[in-house]
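Engineer: quick one, fold the following:
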Amino acid sequence: MSTPGIRVRFAPSPTGELHVGNARTALFNWLFARRHGGAFILRVEDTDQSPTTTAVETKPLEVPGWLGIDWDEGPGVGGAHGPYHQTERLDIYRGCLDRLIAEGKVYPCYCTEAELEAERASLVASRLMPRYLGKCRELSEAQQKQLYAEGRQPVWRFHVEPGPIAFEDLIRGPMVFQGEAIGDFIIVRSNGIPAYNFAVVADDHAMEISHVIRGEDHLSNTAAQVLLYRALGFSPPVFAHHGLVLGKDHTKLSKRHGATSVGAFRRRGVLPEALLNYLALMGSSFEGGREVVSAKEISEGFSLERTGKGGAVFDEEKLLWLNGIYIRRFDPAVLAERLTPFIREAGYDEDSFGQERFEGIVAAVQDSLPTLADIGGFLDIFSDDRFQLDEEAASLLRSDDAKRVLAALWGHIEGEAILGGGVMPVKDAPAIVPANGEGTPLLFAVLIKQIGEQTDLKGKKLYLPIRAALTGRLHGPEMDRVFALLNPASLCKRVEQALTLT
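Structural biologist: Sure, this is the predicted structure:
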């Protein structure tokens, strides 16, 4: 479905990490644009920052692209409504300010920070809403000159008339704020840089933004912006304020809840497909109750009503569950490529395993990986240099039953394995294959059956000692795959080590 004239935007700050709540807002705007055949614009709101370098700026701007969110206009793409950095649009803001000055809708304010803080403290003490009370509103020209002569650099404040400020919200319905509760707000700072609400109005009008979709924490900003739209003679866009991302305690998600930035989850090895899926459906599900849905399906079924008025609780455990599903869906060869940076981060060289064996390792551990960053711990299983028994495994291996199982295992593999052999090249066969390719493979299923008959043990008492001895832990990938991927010398060495535990 295509709706002519639909234009939405996302406007991140150029520094710092992008919060998952802001990423969710970007996603909603992108989905809305794609659902209606409209345009998604990326704009950099950099007026609150010190001069930034391109390297610093790239950090938050690469996140939408990593998530699969592409933009139709903005940095790196261009467009007819640029430039797309606010610091390059100062002439536009100055033109709007001049109009407001000429029409007497703004005034210079010379109050110092100390004076403003004293006014705020007085209002709080009186249990009144902190706001600017208009001290400089009626200054004469002579008084203004005197304050300026004292070295005071003025800000420009918008004169807010008392009375209702009403607008319709696509998600929340009719909204009403009172002008007297807002107070005269700053639109241009003393250094000539526009404040957020003023720059946003000028930019959204100039870029012909049709819909502003953002979090409910911007509702009070919307009231101020509606006043500016009216004062400048601009038609305001349609507003839609969705609920916020919350922590498990139902307060706004913050650092005290743990990881909150897209970058943090990316570094932990959460897949962009999984994170996009989770953010889009957080607190809800798709048709038929489905929770694993492609970006295309999400965009085709997207509606603002689904975003919800209430906040959505961010459940990291559910995100990791979803991430595991996406990992398991990958072809091992493709997943191996995705894992490469995490393998190197863990101190491994993927080439050292050999391509076929490495893909076999990936296939073996794939079902056990909650995130890509967990690959390092699993690779330790297949590297003699890194292999070690954790305390839980070592404790189990000291039991009499475990030693009986390992003694039987040793009797089988000692005769089959060629000690000092090469790397196991087969990725799927559940068997020990002699390194020189000669002899008969020792099938894992047959081996387990024989050991069970010898020891009269079964279930966990049979399987766990073998897992503990060969992997160093009590949980992990399927043992037939591990067995096939460990070279014969490694198998013997590990069983021998386990047998020596006291």
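Engineer: the stretch 301-450 of the chain: helices as residue ranges?
Structural biologist: Using DSSP state H, counting those that start in this stretch, the helices of the stretch 301-450 of the chain run over 304-307, 316-329, 332-345, 355-365, 375-379, 391-397, 400-416, 444-455.
Engineer: other SSEs contacting the host helix or strand of C96?
Structural biologist: Using DSSP states H and E, the element containing C96 is helix 90-102. Here helix 90-102 touches strand 155-158, strand 186-188, helix 196-206, helix 219-232, going by 3 or more CB pairs under 8 Å, 6 or more residues apart in numbering; DSSP states H and E. The C-beta positions use only the backbone N, C-alpha and C, and glycine is treated the same way.
Engineer: could you dump the helices of the stretch 301-450 of the chain to TSV with distance to R34, mean pLDDT and mean neighbour count?
Structural biologist: Shown next, in TSV, are these (distance: least, CB to CB, whole Å; pLDDT from 0 to 100; neighbours: other CB atoms under 10 Å):
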stretch	distance to R34	mean pLDDT	mean neighbour count
helix 304-307	13	84	18
helix 316-329	21	95	17
helix 332-345	25	93	17
helix 355-365	33	90	21
helix 375-379	33	92	21
helix 391-397	49	95	16
helix 400-416	57	86	17
helix 444-455	49	90	16
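Engineer: turn the ones you listed into a markdown table, including distance to K296.
Structural biologist: Below are the helices of the stretch 301-450 of the chain laid out as a markdown table (distance: least, CB to CB, whole Å):
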| stretch | distance to K296 |
| --- | --- |
| helix 304-307 | 16 |
| helix 316-329 | 15 |
| helix 332-345 | 19 |
| helix 355-365 | 27 |
| helix 375-379 | 29 |
| helix 391-397 | 44 |
| helix 400-416 | 50 |
| helix 444-455 | 41 |
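Engineer: of the ones you listed, which is nearest D249?
Structural biologist: helix 316-329 (13.6 Å; CB to CB).
Engineer: what angle do that closest one and helix 355-365 make?
Structural biologist: Here helix 316-329 runs at an angle of 140 degrees relative to helix 355-365 (axes from the mean of the first three to the mean of the last three CA atoms, to 10 degrees).
Engineer: skipping adjacent residues, who's closest to E287 in space?
Structural biologist: Closest residue in space to E287, ignoring its immediate chain neighbours: G301 at 6.5 Å, by CB to CB, 6 or more residues apart in numbering.
Engineer: what is the neighbour count of that neighbour?
Structural biologist: For G301, the neighbour count with other CB atoms under 10 Å is 14.
Engineer: before we move on, back to that, figure out which of the helices and strands packed on helix 90-102 is closest to N487.
Structural biologist: Closest to N487 of the helices and strands packed on helix 90-102, according to CB to CB: helix 196-206, at 62.1 Å.
Engineer: the closest one packs against which elements?
Structural biologist: Secondary-structure packing of helix 196-206 (3+ CB pairs under 8 Å, 6+ apart): helix 90-102, strand 186-188, helix 219-232.
Engineer: looking at the ones you listed, which one is packed in the most?
Structural biologist: Comparing the helices and strands packed on helix 196-206 by mean neighbour count (mean count of other CB atoms under 10 Å), strand 186-188 comes out on top with a mean of 23.
Engineer: tell me what that one is packed against?
Structural biologist: In this structure, strand 186-188 makes packing contacts with helix 90-102, strand 155-158, helix 196-206, judged by 3+ CB pairs under 8 Å, 6+ apart.
Engineer: name the nearest residue to D46, sequence neighbours excluded.
Structural biologist: Leaving out its chain neighbours, the residue that sits closest to D46 by CB to CB, 6+ apart is P14, at 4.7 Å.
Engineer: can you count the residues close to the one you found?
Structural biologist: The number of residues packed near P14 is 22, by other CB under 10 Å.
Engineer: test my guess that it contacts T47.
Structural biologist: No: judged on CB atoms under 8 Å, P14 makes no contact with T47 at a distance of 10.2 Å.
Engineer: hmm, who's touching the helix or strand that the helix holding C96 is followed by?
Structural biologist: Counting by DSSP H and E, the next helix or strand C-terminal to helix 90-102 is strand 106-109. If you take CB atoms under 8 Å, 6 or more residues apart in numbering as the criterion, strand 106-109 is touched by 97, 100, 132, 135-137, 139, 144, 154-159, 184, 186-187.
Engineer: what's near enough to touch N221?
Structural biologist: Applying CB under 8 Å, 6+ apart to N221 gives the contacts 196-197, 200.
Engineer: just the buried ones from those?
Structural biologist: 196-197, 200 (16 or more other CB atoms under 10 Å).
Engineer: and the pLDDT at H250?
Structural biologist: Model confidence at H250, given as pLDDT, is 86.
Engineer: could we number from 133 for the rest of this?
Structural biologist: OK, 133 is where the count begins now, so the last one is H382.
Engineer: where does pLDDT dip in the stretch 533-634 of the chain?
Structural biologist: For the stretch 533-634 of the chain, the stretches flagged by pLDDT under 70 are 547-574.
Engineer: would you map the strands across it?
Structural biologist: Taking DSSP state E, counting those that start in this stretch to define them, one finds strands in the stretch 533-634 of the chain at 563-564, 574-575.
Engineer: so which strand or helix has the residue lying closest to A505 once chain neighbours are set aside?
Structural biologist: Once flanking residues are discounted, A505 sits nearest to G401: 3.4 Å by CB to CB, 6+ apart. Secondary structure assignment for G401, by DSSP H and E: no helix or strand.
Engineer: and G401, how many neighbours?
Structural biologist: If you count neighbours by other CB under 10 Å, G401 ends up with 22.
Engineer: how near is it to T503?
Structural biologist: Taking CB to CB, to the nearest Å as the measure, G401 and T503 are separated by 4 Å.
Engineer: likewise V497?
Structural biologist: Separation of V497 from T503 (CB to CB): 12 Å.
Engineer: domains in the chain, by residue range?
Structural biologist: Domain assignment of the chain by automatic domain parsing yields the ranges 139-217+378-449, 221-374, 519-634.
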